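Visitor: Just the structure for this:
(one chain, ligands or ions: 1)
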Amino acid sequence: MQHDLSNYRKTYKKQELLEENCPENPIELFRDWFLNADESECVDEANAMTISTFGLDGFPKNRVVLLKKYTWEGFIFYTNYNSEKGKAIQQNNNVCLSFFWAGLEQQIIIKGKAEKLPENLSDGYFESRPDGSKLGAWASNQSEVVKSREFLDNQLLKFEEKFKNKEIIRPKYWGGYIVKPISIEFWQGRPNRMHDRIKYTLNEDFSWKIDRLAP
Ligand SMILES: Cc1cc2nc3c(=O)[nH]c(=O)nc-3n(C[C@H](O)[C@H](O)[C@H](O)COP(=O)(O)O)c2cc1C
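Guide: Here you go, the predicted model:
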């Protein structure tokens, strides 16, 4: 079987990214792009991002997670600390996040260090989740092989029973990471493949160096 996609071609022409519009701090630019993406009708789940890690098997792996908060310090998401990604981060906390908003012809690539959030912050976020999601965190040993769908459904029933009329507390193996950026690259598609790429790199004094990269 072969399916040739060599004629797939798109001209990018919606916007530009010029140095004069780049603030000193990339989190500000991230906020501007994010707010725009979030309001845009052509972007669904603007907060969906890939996180890539170096796995214990030596391979990189990307998967999608949801950005739940960003601050001047970094980008926060929640997961199971015992998952494949959790184990990968424990071994090597250098990670890469990326957003691709096709409708806006924009990509953002963030390299950084992932650190576990303080427990009280994970508790606070866990409390804000709907009960079904809380129980899901108990019922699923994320990334482990399971016998069947039925097994998973039974696990959920088991924990529904266990926490009936009780507060559903956060499992210790579930919580947040903050990814503290060391570089953030903004990519804006332009005609003729002459895209705009502006990369911010963190200096030792915590200021940011701004470079334009060739497309
Ligand atoms: C749109 C979308 C959002 C997701 N959000 C999360 C999330 O916030 N946290 C999470 O652990 N997994 C999330 N997942 C599932 C992950 O992609 C992945 O399957 C899971 O975290 C297990 O990954 P791992 O086995 O590599 O650790 C999401 C998947 C999709 C498609």
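Visitor: pLDDT score for the residue positioned nearest the centre of the chain?
Guide: Nearest to the mean C-alpha position of the chain, counting by C-alpha atoms, centre = their mean, stands Met49 at 3.7 Å. We have a pLDDT of 98 for Met49.
Visitor: Tell me who's in contact with it.
Guide: 64-67, 75, 77, 97-99 (C-beta atoms under 8 Å, 6 or more residues apart in numbering). Where C-beta positions appear, they are placed from N, C-alpha and C, glycine not excepted.
Visitor: The closest residue to Trp187 other than its chain neighbours: what secondary structure?
Guide: Take Trp187 and drop its neighbours on the chain: the residue closest to it by C-beta to C-beta, 6 or more residues apart in numbering is Gln107, 4.0 Å away. Here Gln107 is strand, with the state taken from DSSP: H, G, I helix; E, B strand; the rest coil.
Visitor: What of the one 4 residues further on?
Guide: Per three-state DSSP, the local secondary structure of Lys111 is strand.
Visitor: Do you know the pLDDT at Asn92?
Guide: So, for Asn92, pLDDT stands at 98.
Visitor: and it, what does it touch?
Guide: Contacts of Asn92 (C-beta under 8 Å, 6+ apart): 53-54.
Visitor: Repeat that for Asp123.
Guide: Here Asp123 is in contact with Arg170 (criterion: C-beta under 8 Å, 6+ apart).
Visitor: Residues of the protein that sit close to the ligand?
Guide: 45, 48, 61, 63-66, 77-80, 83-85, 142-143 (C-beta under 6 Å from any ligand atom).
Visitor: again, only this time at 8 Å
Guide: 45, 48, 53, 61, 63-66, 68, 77-80, 83-86, 88, 142-143 (C-beta under 8 Å from any ligand atom).
Visitor: And stretch 63-73, what's buried?
Guide: Within stretch 63-73, the residues that count as buried by 16 or more other C-beta atoms under 10 Å are 65, 67, 70.
Visitor: next one: stretch 162-181
Guide: 168, 170-171, 174-179, 181.
Visitor: Relative to Leu156, which of these is nearest.
Guide: Proximity of the buried residues of stretch 162-181 to Leu156 was ranked by C-beta to C-beta; the top entry is Ile168 with 12.2 Å.
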